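Participant: This is a predicted model, with the sequence first.
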Amino acid sequence: MSKRYVWIWAAGVATLPLCVLLCVAVGTVPIPALTVLRSLLSGLGLYPAELLDAGHHTTILFIRLPRVLVGGFAGAGLAVAGVVMQGVFRNPLAEPGVLGVSAGGSLGALLALTTGLAAWLPLPFWAFAGAMLAMTLILGVSMRAHGVQGASGLVLSGMAVSALFSAFTSLALTRANEFQVANYIFWTMGGLANRRWEHLAMLAPPLLLALAALWALARRLDLLLLGDEQARALGAHPGRTRVLLVALASLCAAAVVSVTGPIGFVGLIVPHILRLLLGPSHRRLLICSALGGAVFLMLCDLLVRVLGAARGNELPVGIVTALLGAPFFLTLLVRRGGRGVSL
Amino acid sequence: MSLIARNVRYSAIGPQGRVEILQGVDLNATKGQLLGLCGPNGAGKSTLLRALGGLIPVNGDISLLGQSLGSYGVRRLARQIAYMHQDTQVPFGFTARQIVAMGRHPYRGAFGGFSSADEEAVDQAMALSACAEHAQKQITRLSGGERQRVMLARALAQDTPALLLDEPASSQDVRLAHQVFALAARLASQGKLVIAVAHDLRVAAAYCHRILLLAQGQVVEVGAPRQALTEENLARAFGIRGRVFDNPAGQWDYYLEEG
């Protein structure tokens, strides 16, 4: 275990709670960190709620905290999905939505809005169902596609199924009314505004499950980087491993996308920055990406809220992730002279 | 430990249509022996070795310890057979030690860490294949020869009863090439089953207990070096007019006749 890895890991673990604290404390109405701490403790039943300012307490526990936590989980999920997709497809530009997650999620969301299903169960549920349907279709087709072997089969069927779903989405849009279109566009903008505990409840369980499974598969992903035959010689079934990995990564991405809408760049930039710092070994990359993605998106959303309070309306968080992430990434790229940018 | 192949056939579709790469190969390898696979380019040596390693599906029977290779799971097979690939390119910045540690994968649980036994196996393997000094270097920065020894170390770290080596010394200088084959022969004498594709006939003759001479997907001869590498067999396999003689050290040697 290299010194740098321990250092980065420790930094991540220490930063995470501090970051949550900061993000909850800062906002339209700044709340002292001590008050935030007391509120959090009382939420856990460790501090008498009667001693707290009721307004602050409600703001912290029911508005800010869930939003910050949704941001943290979403950032972790996107970054981890990105790491895995880039590894499996050995393509630095692979993003979490390779397996039709975005296209499927969008169609699911839109259909739920136009058919009124969204009144039965919340929108994220339908987006998640759409994303999972697209993923299942892609995996099913690629496993039956003889002749197109390995990762390219997945990419090709992913493209085709995504195109199909996008076409259906366009079709459905032409038949939707203005109100439904507006709702749909609002969802596609992505963001963390008004995210509550129920969103976290939809996001966290599938994410934690997928993260644990991916952690167990991380070493096999390393073997896959060497090529299918070497992976097999070292005791990992290449085809099965690949399908499992992309399914789990898609699960991560789908859980996030359905709750927050699409948020770009986190899944691209966080893994690359960490790969530059840590090398290609996936076990540490996964953990550090989860921590890094969580911190990154929480801070970006903090900026969105602060700027939003000043401007009167909020920017989509995706704009901020790109504005902050891209220059940092470019600086790192230039300073390291491309060394280690092997993926 | 025995690895037995019966009537192994393999064909692939190339630009000129279907090509028969292996046309009914029989092979018998047992523990305690270093078996050399020799033959001209395109004879099917690597394909045969990959088939023996269970890495490609072939027609015919291949059995390990009396059990068909196909009935082994991938992981279980990786605890029986270690395979060293000819292509040693790794396009990712793993350190040499990380690469060698991958050889321990068949023994490690999904959530488990790296045990001290694993550490020891990795250190030992890197020392044996003379690449310990490169342990912390990025594999992408090593020379072809150094990379090849790292790959050999990874196969050794797998600590399997059978070892399949595809041209393990092709990028090594004379001294190291002899060292690699001497190591293979020693491991075989210690009870492993070792099969190595060998390019250099003199090295093969010096270290292999038996040699299988392959040409155009068929076995030309199999036997002790002097029995396999006769003038007649060299002519049949390689299309050369070679004169075979004993060099002053009493080892098998050959030279090419003019024309």
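Facilitator: Perfect, I can see it now.

Participant: In the stretch 51-200 of chain B, which residue sits closest to chain A?
Facilitator: residue B:78 (3.1 Å; Cβ to the nearest Cβ). The C-beta positions use only the backbone N, C-alpha and C, and glycine is treated the same way.

Participant: nearest spatial neighbour of that residue, skipping sequence neighbours?
Facilitator: In space, residue B:78 comes closest to residue A:235 once its chain neighbours are excluded; the distance is 3.1 Å by Cβ to Cβ, 6 or more residues apart in numbering or on different chains.

Participant: can you list the residues of the stretch 151-259 of chain B near chain A?
Facilitator: B:154, B:158 (Cβ under 8 Å from any Cβ of the partner chain).

Participant: Now do the helices in the stretch 151-259 of chain B.
Facilitator: Under the criterion DSSP state H, counting those that start in this stretch, helices of the stretch 151-259 of chain B are mapped to B:174-189, B:201-207, B:225-228, B:231-238.

Participant: coming back round to it: quick check: the gap between the residue of the stretch 51-200 of chain B closest to chain A and residue A:236.
Facilitator: Plainly put, residue B:78 is 8 Å away from residue A:236 if you go by Cβ to Cβ, to the nearest Å.

Participant: Quick check: neighbours shared by these two?
Facilitator: Taking Cβ atoms under 8 Å, 6 or more residues apart in numbering or on different chains as the criterion, residue B:78 and residue A:236 both touch residue B:105.

Participant: so which strand or helix has residue A:302?
Facilitator: Using DSSP states H and E, residue A:302 maps to helix A:282-311.

Participant: near chain B, anything from that helix?
Facilitator: No. Helix A:282-311 stays clear of chain B (Cβ under 8 Å from any Cβ), getting no nearer than 9.7 Å.

Participant: and the following helix or strand past that helix, what's its mean pLDDT?
Facilitator: Taking DSSP H and E as the definition, the helix or strand that follows helix A:282-311 towards the C-terminus is helix A:317-335. Helix A:317-335 carries an average pLDDT of 80.

Participant: List the buried residues of helix A:317-335.
Facilitator: Judged by neighbour count (16 or more other Cβ atoms under 10 Å in any protein chain shown), helix A:317-335 contains these buried residues: A:317, A:318, A:319, A:320, A:321, A:322, A:324, A:325, A:329.

Participant: Where does chain A get nearest to chain B, residue-wise?
Facilitator: For chain A, the residue closest to chain B is residue A:235, as judged by Cβ to the nearest Cβ, at 3.1 Å.

Participant: Sticking with the closest residue to residue A:47 other than its chain neighbours, tell me its helix or strand.
Facilitator: Using Cβ to Cβ, 6+ apart and skipping the chain neighbours, the partner closest in space to residue A:47 is residue A:41 (3.9 Å). Using DSSP H and E, residue A:41 sits in helix A:33-43.

Participant: and for that helix, what are the contacting residues?
Facilitator: With contact meaning Cβ under 8 Å, 6+ apart, helix A:33-43 is reached by A:21-22, A:24-25, A:47-49, A:51-53, A:56-57, A:60-61, A:65.

Participant: Buried among the residues you listed? Make that a ChimeraX selection.
Facilitator: To isolate the buried members of the contacts of helix A:33-43 in ChimeraX, using 16+ other Cβ under 10 Å:
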select /A:22,24,25,52,56,57,60,61,65
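
Participant: Which members of the contacts of helix A:33-43 occur in helices, if any?
Facilitator: Counting by DSSP state H, the part of the contacts of helix A:33-43 found in helices is A:21, A:22, A:24, A:25, A:56, A:57, A:65.

Participant: thinking again about what came up before, roughly how far apart are the residue of chain A closest to chain B and residue A:216?
Facilitator: Distance from residue A:235 to residue A:216, by Cβ to Cβ: 15 Å.

Participant: likewise residue B:166?
Facilitator: Counting by Cβ to Cβ, the gap from residue B:166 to residue A:216 is 31 Å.

Participant: Can you pull the poorly scored residue ranges out of the stretch 101-250 of chain B?
Facilitator: Scanning the stretch 101-250 of chain B for pLDDT under 70 picks out nothing.

Participant: Closest to the centroid, which residue in the chain?
Facilitator: All of this is about chain A. residue A:78 (2.2 Å; Cα atoms, centre = their mean).

Participant: looking at chain B here, not the other one
Facilitator: Note: chain B centre (Cα atoms, centre = their mean) maps to residue B:165, 1.8 Å.

Participant: ok, how many other residues are close to the residue lying closest to it once chain neighbours are set aside?
Facilitator: Of all residues not flanking residue B:165 in the chain, residue B:196 sits nearest, at 4.1 Å (Cβ to Cβ, 6+ apart). The burial count assigned to residue B:196 is 28, neighbours taken as other Cβ atoms under 10 Å in any protein chain shown.

Participant: re earlier: distance of the residue of the stretch 51-200 of chain B closest to chain A from residue A:215?
Facilitator: Distance from residue B:78 to residue A:215, by Cβ to Cβ: 21 Å.

Participant: Which one's more surrounded, the two?
Facilitator: residue B:78 (25 against 17).

Participant: what residues are up against the more buried one?
Facilitator: Contact analysis of residue B:78 by Cβ under 8 Å, 6+ apart lists A:233, A:234, A:235, B:105, B:106, B:158, B:160.

Participant: Now do the SS call for the fourth one.
Facilitator: Recorded secondary structure, residue B:105: helix (DSSP: H, G, I helix; E, B strand; the rest coil).

Participant: What residues does the stretch 151-300 of chain A have near chain B?
Facilitator: With Cβ under 8 Å from any Cβ as the criterion, the stretch 151-300 of chain A comes near chain B at residues A:215-217, A:219-220, A:222-223, A:225-226, A:229-230, A:232-237, A:279-281.
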